[in-house]
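[1] Just to be clear, the model below is a prediction. Sequence and coordinates:
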Amino acid sequence: MYIYDDAGLFDVEAGLSPDFDALWSDRCQDAITSLRRRISSGELGFASLPERDPIEIITWAEGRRAEGWTDQIVIGIGGSSLGTRAVLEAMGPAWRAAVRTHFAENLDPVTLHAILEQVDLQKTLLVVVTKSGSTIETMSQLWILYDALVKTVGRAQADRQVIAITDPQKGSLRALARERGWESFEVPANVGGRFSVLSPVSLVPLALAGYDVDGLLGGARRCLDGGDEAWMGLARIAAQHVALGDQGYGQLVMMAYGDRLNALIDWFRQLWAESLGKARDRRGARVNTGITPIKAIGAIDQHSQVQLYMEGPNDKQIVFVETRSHSIDLTIPASPPLPAPLSHLQGRSLSEILQAEAQGTRAALARAGRPTACWRLESTGAASVGGFLAAWMFITALAGELLDIDAFDQPGVELGKKIAHGLLGHPEHGALAGETVPPPGDDASDSWTARR
Ligand SMILES: O=P(O)(O)OC[C@H]1O[C@](O)(CO)[C@@H](O)[C@@H]1O
């Protein structure tokens, strides 16, 4: 069960204008119609993922687990890893999983080396995930890990330990999987990375780790249970964020209470930032849309960021994420007695205290005239997490419709990648790198450069 009962109810006068509904309800309806049309035409595949039966993946994972693998290394970045990490951490505890999961995401040699130190490659599967099949971070790390695997178990056995998750037809990883006979799964061609958490991208490693992927999809399906009314509820939340953005609240802090929700916000940040930060609308006119997502973790960031949120520029929309129940709880012992200013805490559970802190912080921000909303998950079980993921994918897609931009591309990330490839000797991008990067020895660290 999941709930987000007062999701999106921004509750201070400083937030939404009183005529919000009058101003936005027609636009919400248009956004819903447009998004539904794109989904039913097959252009967008993310919405139908929860309808797919995961039995094939579940059965496959059970079979592979029975072979005795102790670890999997998920090699991927962005949409190819964040969703998996979000679910694993939220639903945890991951260290009790049937197969331990390690993430080779960033190109950090120390991290990758540490992973290699922790696993026994004879008992480890490499799960490489990339929709495009050519992401520099993913393919570089794959080649290092594959080389280590071949050296440990030999080429024929190594090829049985690699699982590729990529586009059905295109890309270097698909070509490699065919050439080397690697087991593979498909990322549907009409599902982009940041909208792929309910596809094999995450379901395969999650099922391998022994997580309840069926429950995850069930929770996601429930998000649209109410039909038209549910669609309107999601569109209204999207419109609230967009309207607040128009009113000058250009930053969205997602503040989640609990360490387990850390990666869930990382996943959200990519979804929101890449989908809505755009320079052109759908007709090609210059726009510059976007609401900057910011991560905060309660209660830690009460002691780090809340001063700024309370008294700094009033430019933030603050979304609290709480869970009603925790899989484990601990209580402060009633004796021996604590000194008087703290004695009221005795007998209280940590989850009670955390919840009071979330409510206190939200109330204080509201008093300071800062727009806030709260999402309360029933728990961090499969259904709640699935519902949260699906809801935010729909909200983000609907926000894209309201802004009249394409929420499903990311042209702005390409130039930096090409320059990096050029610097590393890619024949087509070398000139670009030479032109853009300051010449060697030119210390540009004291100058701010911007081209308009
Ligand atoms: O799955 P891929 O193709 O490796 O891409 C990884 C990530 O890189 C991006 O394309 C951005 O560079 C994201 O949109 C994507 O999730």
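    Structure received.

[2] what ranges of the protein fall below the confidence cut-off?
    1-15, 94-95, 433-452 (pLDDT under 70).

[3] at 90 instead, please
    1-21, 92-98, 223-226, 323-328, 366, 374-379, 426-452 (pLDDT under 90).

[4] what's the most centrally placed residue in it in contact with, if anything?
    By CA atoms, centre = their mean, the chain has its centre lying nearest to residue 267, at 1.3 Å. When the contact criterion is CB atoms under 8 Å, 6 or more residues apart in numbering, the partners of residue 267 are 82, 83, 85, 86, 194, 197, 389. Placement of C-beta: from N, CA and C, glycine included.

[5] Among these, which lie within strands?
    Judged by DSSP state E, the subset of the contacts of residue 267 located in strands is empty.

[6] Select from those residues the one having the most neighbours.
    With neighbours taken as other CB atoms under 10 Å, the top of these is residue 83, carrying 32 neighbours.

[7] which non-adjacent residue is nearest it?
    Distance criterion CB to CB, 6 or more residues apart in numbering; nearest residue to residue 83, sequence neighbours excluded, is residue 197 at 2.9 Å.

[8] right, and the one you found touches residue 85 too?
    No: Residue 197 lies out of contact with residue 85 (CB atoms under 8 Å); the separation is 10.1 Å.

[9] can you pull the contacts of residue 52?
    Contacts of residue 52 were listed using CB under 8 Å, 6+ apart, and they are residue 217.

[10] That one and residue 392: what is the separation?
    Separation of residue 52 from residue 392 (CB to CB, to the nearest Å) stands at 19 Å.

[11] if we can go back for a sec, now do the contacts for the residue nearest to residue 83.
    With CB under 8 Å, 6+ apart, residue 197 has these contacts: 79, 82, 83, 84, 86, 87, 267, 389, 393.

[12] what's the closest of the residues you listed to the ligand?
    residue 79 (3.0 Å; CB to the nearest ligand atom).

[13] pretty sure that closest one is touching residue 199, no?
    No: in this structure residue 79 lies outside contact range of residue 199 using CB under 8 Å: 9.9 Å.

[14] Pick out whichever of these two has more residues nearby.
    Taking neighbours as other CB under 10 Å, residue 79 and residue 199 compare with residue 79 leading, 27 against 24.

[15] Is that one in a helix, a strand, or coil?
    Following DSSP: H, G, I helix; E, B strand; the rest coil, residue 79 is assigned to helix.

[16] Buried residues in the helix or strand harbouring the residue nearest to the centre of the chain, which are they?
    Assessed by DSSP states H and E, residue 267 sits inside helix 262-276. Buried residues in helix 262-276, defined by neighbour count with 16 or more other CB atoms under 10 Å: 262-276.

[17] what does stretch 291-300 give?
    Buried, per 16+ other CB under 10 Å, within stretch 291-300: 291, 292, 293, 294, 295, 296, 297, 298, 299.

[18] Enumerate every residue touching the closest residue to the last one other than its chain neighbours.
    Across the structure, with CB to CB, 6+ apart as the measure, the residue nearest residue 299 apart from its sequence neighbours is residue 357 (4.8 Å). By CB under 8 Å, 6+ apart, residue 357 lies in contact with 257, 298, 299, 302.

[19] Please apply the same query to residue 404.
    281, 282.

[20] so how far is the ligand from it?
    Distance check for residue 404 against the ligand: by CB to the nearest ligand atom, to the nearest Å, it reads 21 Å.

[21] Then residue 125?
    Taking CB to the nearest ligand atom, one finds residue 125 at 19 Å from the ligand.

[22] Helices of the stretch 351-452 of the chain, residue ranges please.
    382-403, 414-423, 430-436 (DSSP state H, counting those that start in this stretch).

[23] burial count for the closest residue to residue 316 other than its chain neighbours?
    The shortest distance from residue 316 to any non-neighbouring residue, by CB to CB, 6+ apart, is to residue 251 (4.6 Å). Residue 251 has 17 neighbours, counted by other CB under 10 Å.

[24] if I pick residue 251, what's in contact with it?
    291, 292, 293, 294, 315, 316, 317.

[25] tell me the SS of the third one?
    When states are read from three-state DSSP, the local structure at residue 293 comes out as strand.

[26] I figured it hits residue 254, correct?
    Yes: using CB under 8 Å, residue 293 is in contact with residue 254, at 6.4 Å.

[27] So for those two, which residues contact both of them?
    268, 269.

[28] The ligand contacts on the stretch 151-300 of the chain?
    193, 194, 274 (CB under 6 Å from any ligand atom).

[29] Excluding sequence neighbours, find me the nearest residue to the last one.
    Distance criterion CB to CB, 6+ apart; nearest residue to residue 274, sequence neighbours excluded, is residue 410 at 4.6 Å.

[30] any idea how far the closest residue to residue 191 other than its chain neighbours lies from residue 348?
    Leaving aside its sequence neighbours, residue 191 sits nearest to residue 45 (CB to CB, 6+ apart; 4.2 Å). Distance of residue 45 to residue 348, given as CB to CB: 47 Å.
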